[in-house]
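J.: curious how this folds, go ahead:
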Amino acid sequence: MKNNIKDNAKELLFYYGLKSVSMDDIAKKAGVSKRTIYEFFEDKNELVAEIVHDLMDSYTDLFKAAQSDSEDAIDEVIQQEHELLEIFKIIRPAFLYDLDRTFPELSEQLEQIKLRILKGIITNLRRGKKEGIYRQDIDIALVADLRFHQLMNVVKPALLTSHEIHVVQLSREFTVLYLHAIATEKGRNSLDRYLKDKDHMTLAW
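T.: Here you go, the predicted structure:
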């Protein structure tokens, strides 16, 4: 029941923002009474806090999974990009805006996710260099920063291109361009193999 309440609250809050959604809205969406919600959460603040913490945990889990399950650094990027996109595309700017204004402490905690993403990119770049699939001459700090901002902005395609393009397609194109730019010949062969592997593409994209 608690997870049902949180899942439905996330759907509403991520889409409409914190101010526009009431506990009555959440109760109706979850198919429970407002009294039932208060059996699990003291108030809306506690509910929002748990949602933010769940979001942070999901980021941590996806990076760990991609690092441990991937064949190489390129495979890791593909897996991470897909999972990050799944999270990003359900969160509208209104949620983050309201969080920053209404729950500054939680907003600060959410900023830690961005630091984890940046750290994950740096770790991946070092892995790729060690594996010989990323160029040795790349500036890790600079490339990591560029990739980070690419991921942060890909969910706003209107700011990046005048073409009507789905966010998933845009994200994939950026990822392929990014990997080609930093890959060695060995790395490009690895990337091409992944792109030709329909099963791998279905899993990742």
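J.: contacting residues around the spatially closest residue to Ile5 that is not a sequence neighbour?
T.: Sequence neighbours aside, Ala30 is the residue nearest to Ile5 in space, at 4.9 Å (criterion: CB to CB, 6 or more residues apart in numbering). (Each C-beta comes from the backbone N, C-alpha and C, glycine too.) Listed by CB atoms under 8 Å, 6 or more residues apart in numbering, the contact set of Ala30 reads 4-5, 7-9, 37.
J.: and the pLDDT for Ala49?
T.: As predicted, Ala49 sits at a pLDDT of 91.
J.: wait, it touches Leu106, no?
T.: Yes - using CB atoms under 8 Å, Ala49 makes contact with Leu106 at a distance of 6.0 Å.
J.: higher neighbour count, the two?
T.: Leu106 (20 against 17; other CB atoms under 10 Å).
J.: in the helix or strand Glu39 falls within, what's buried?
T.: For Glu39, the element it lies in under DSSP states H and E is helix 34-40. For helix 34-40, a neighbour-count test (16 or more other CB atoms under 10 Å) marks 37, 40 as buried.
J.: on contacts alone, who are the packing partners of that helix?
T.: In terms of contacts (3 or more CB pairs under 8 Å, 6 or more residues apart in numbering; DSSP states H and E), helix 34-40 is packed against helix 2-16, helix 23-30.
J.: mind listing what's buried in the helix or strand where Lys130 lies?
T.: In this structure, Lys130 sits in helix 104-131 according to DSSP H and E. Neighbour-count burial for helix 104-131 flags 106-107, 109-110, 113, 117-118, 120-125, 127-129, 131 (criterion: 16+ other CB under 10 Å).
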